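[1] Sequence plus predicted model, see below.
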Amino acid sequence: MGAGHDHTHGHSHMAGPNERSLMIALALTTTFLLVEVVAGVLTQSLALISDAAHMFTDTAALAIALAAVRMGKRAADAKRTFGYHRFEILAAAFNAMLLFGVAVYIGIEAYLRLKAPPEVESTGMLVVALIGMAVNLVSMRMLASGKDANLNMKGAYLEAWSDMLGSLGVVIGALVIKFTGWQWVDSAVAVLIALWVLPRTWSLLRASLNILLEGVPEGIDLAKVREALLTVQGVSSIHDLHVWALTSGKVSLTVHVVNDPAVDAERRVLPEIRRRLADQFAITHITVQCELEPCHQTDEEHHFTEVEPAEGRESPGVHDRSGHKH
C-alpha cells in the first residue's frame with residue numbers, strides 16, 4: 001500500500017496595492033451606507049433605505065474580501081490544521097441570511113406604503129443618491145486595477161458596479177417623484193432593488209452552504225474526475241473518492257486507488273494522476289492511497305465498481321511519498 005500527497009500551498013494574491021484598494025473602498029462604502037440610512041429615514045424614502053441594504057451587500061462583500069486576504073495570511077496551527085480560510089465562507093453565509101431578512105422587511109414596508117404613500121422629500125433623496133453614485137465610481141476606480149488579478153478582486157469590483165446601478169435607480173426614482181409627484185414610485189424602486197439583490201443573495205448562500213457541507217465544488221464533474229482516474233494506465237479501480245473545497249478556489253481531493261502490481265505506482269501511476277487532476281480540473285491539493293486490493297474503507301455508499309483482485313495477492317508494507325509544489 002502506498003500513499004501519495006501533493007499539496008500546493010496558496011499564497012495571498014492580493015497583497016500590497018490590492019489590499020489598500022479594498023480598505024479605501026470599504027471605508028468609503030461603509031461611510032456612505034450610514035449616511036444613506038439616516039437620509040432614508042429623514043426623507044422617508046424607502047428607495048434610499050433599500051439601496052442602503054443593497055450597499056450593505058457590497059460593504060459585506062468588501063469586508064469578506066479583505067478578511068479573506070488577512071485571515072488567509074495566518075498560518076495553520078495545532079488547533080486549525082487547515083488554517084483560517086473558511087472564515088470567508090462563514091461570513092458569506094451570515095451575510096446572505098441577513099440580506100434575506102432585509103429583503104423581506106423591504107417587501108412588507110413597500111406593501112404598507114403603497115396603500116398609504118408618505119410624503120417623500122425628493123430633493124434630499126436625489127442629492128444623496130447622486131453622492132452615492134460618486135462614491136461608487138471612486139470605489140470602482142480604486143478596485144479596477146486589481147479586477148483582472150483574481151476572482152476575489154473581480155467580485156469586489158462587480159459589487160461596486162452593481163451598487164452604482166442601484167444608486168442610478170434611486171436617482172431616476174427621485175426625478176420622477178420630483179416632476180410628477182407620484183409618491184408610489186419610491187416604493188416601486190425599493191422593491192425593484194430588493195428583487196435585484198435576491199438572486200445574488202441566494203447564489204451566495206447556496207455556494208456557501210455547499211462548501212460548508214463539503215459538497216463537490218461547482219464546476220467540477222465528479223463522474224469526469226472518476227473517469228480520468230480510471231483511465232490512468234495501471235489503475236484497476238478506485239474507491240473512497242472525495243472532492244471538496246476548503247474555501248472558494250481551494251479544492252482538495254482524496255482517493256484510494258487499486259493499482260496493477262505490474263505497473264510502478266510511485267513512478268508511473270501517481271505522477272500521471274497528479275498531472276491529470278492538475279491539467280483537467282485544476283486540483284493540486286490531493287492525497288492518493290495506492291493499494292493492491294480494496295481496503296476496508298471502500299466507499300460502499302457511492303457504489304463504485306471494484307475490480308476483484310487476483311487470489312493470493314497481498315498488500316506490501318506501508319510507505320509514504322510526499323511532494324510539495326510551491
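    That came through fine.

[2] what residue ranges in the stretch 151-300 of the chain are flagged as low confidence?
    Within the stretch 151-300 of the chain, the segments meeting pLDDT under 70 span 151-155, 296-300.

[3] distance of Gln280 from Leu158?
    As judged by C-beta to C-beta, to the nearest Å, Gln280 and Leu158 stand 28 Å apart. Quick note: C-beta positions are derived from backbone N, CA and C, even for glycine.

[4] Pick out whichever of those two has more residues nearby.
    A count of neighbours by other C-beta atoms under 10 Å puts Leu158 above the other of Gln280 and Leu158, at 16 against 13.

[5] so where does that one fall, helix or strand?
    For Leu158, the enclosing helix or strand under DSSP states H and E is helix 151-180.

[6] tell me what that helix is packed against?
    Counting contacts by 3 or more C-beta pairs under 8 Å, 6 or more residues apart in numbering; DSSP states H and E, helix 151-180 is packed against helix 17-43, helix 46-73, helix 122-144, helix 184-212.

[7] Please state the backbone phi and psi of the residue nearest the centre of the chain?
    Most central in the chain under C-alpha atoms, centre = their mean is Ser248, positioned 4.9 Å from the mean C-alpha point. Note on Ser248: its backbone torsions stand at phi -60, psi 130 [degrees, to the nearest 10].

[8] same question, Cys290
    phi -90, psi 140.

[9] pretty sure it is touching Arg268, no?
    No: assessed by C-beta atoms under 8 Å, Cys290 is found out of contact with Arg268, at 10.9 Å.

[10] Comparing these two, which shows the higher neighbour count?
    Between Cys290 and Arg268, counting by other C-beta under 10 Å, Cys290 is the more crowded of the two (23 against 15).

[11] beta partners for that one?
    Taking DSSP bridges as the rule, Cys290 bridges to Gly2, Val257.

[12] measure it to Asn259 for me?
    5 Å.

[13] Give me the common contacts of those two.
    The contact sets of Cys290 and Asn259 overlap at Ala265, Val269 (C-beta atoms under 8 Å, 6 or more residues apart in numbering).

[14] if we can go back for a sec, quick one: which of the helices and strands packed on helix 151-180 is nearest Arg86?
    Within these, the stretch nearest Arg86 is helix 184-212; the backing value is 7.6 Å (C-beta to C-beta).

[15] helices and strands around that closest one, which ones?
    Looks like helix 184-212 contacts helix 46-73, helix 87-115, helix 151-180, strand 235-247 (3+ C-beta pairs under 8 Å, 6+ apart).

[16] Next, format the ones you listed as CSV and append distance to Glu121.
    Converted to CSV, the helices and strands packed on helix 184-212 look like this (distance: least, C-beta to C-beta, whole Å):
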stretch, distance to Glu121
helix 46-73, 10
helix 87-115, 14
helix 151-180, 9
strand 235-247, 44
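
[17] Highest mean neighbour count across these, which stretch is it?
    helix 46-73 (a mean of 24; mean count of other C-beta atoms under 10 Å).

[18] for that helix, what is the average pLDDT?
    In this model, helix 46-73 has an average pLDDT of 77.

[19] any idea where the strands of the stretch 201-326 of the chain begin and end?
    Shown for the stretch 201-326 of the chain, the strands assigned by DSSP state E, counting those that start in this stretch span residues 235-247, 250-259, 285-291, 319-325.

[20] of all those, which lies closest to Gly219?
    Taking C-beta to C-beta, strand 250-259 is the member of the strands of the stretch 201-326 of the chain nearest to Gly219, at 9.2 Å.

[21] Alpha carbons only: can I get the closest one in PDB?
    Provided in PDB are the C-alpha atoms of strand 250-259 (Å, rounded to 0.1, in the frame of the first residue of the first chain):
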ATOM      1  CA  LYS A 250      -9.100  25.800  -2.700                       C
ATOM      2  CA  VAL A 251     -10.200  22.400  -3.900                       C
ATOM      3  CA  SER A 252      -9.000  19.200  -2.300                       C
ATOM      4  CA  LEU A 253      -9.200  15.500  -3.300                       C
ATOM      5  CA  THR A 254      -8.600  12.200  -1.600                       C
ATOM      6  CA  VAL A 255      -8.900   8.800  -3.300                       C
ATOM      7  CA  HIS A 256      -7.900   5.200  -2.800                       C
ATOM      8  CA  VAL A 257      -6.500   3.600  -6.000                       C
ATOM      9  CA  VAL A 258      -6.200  -0.100  -6.600                       C
ATOM     10  CA  ASN A 259      -3.300  -0.400  -8.900                       C
END
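
[22] Next, the buried residues of that strand.
    Lys250, Val251, Ser252, Leu253, Val255, His256, Val257, Val258, Asn259 (16 or more other C-beta atoms under 10 Å).
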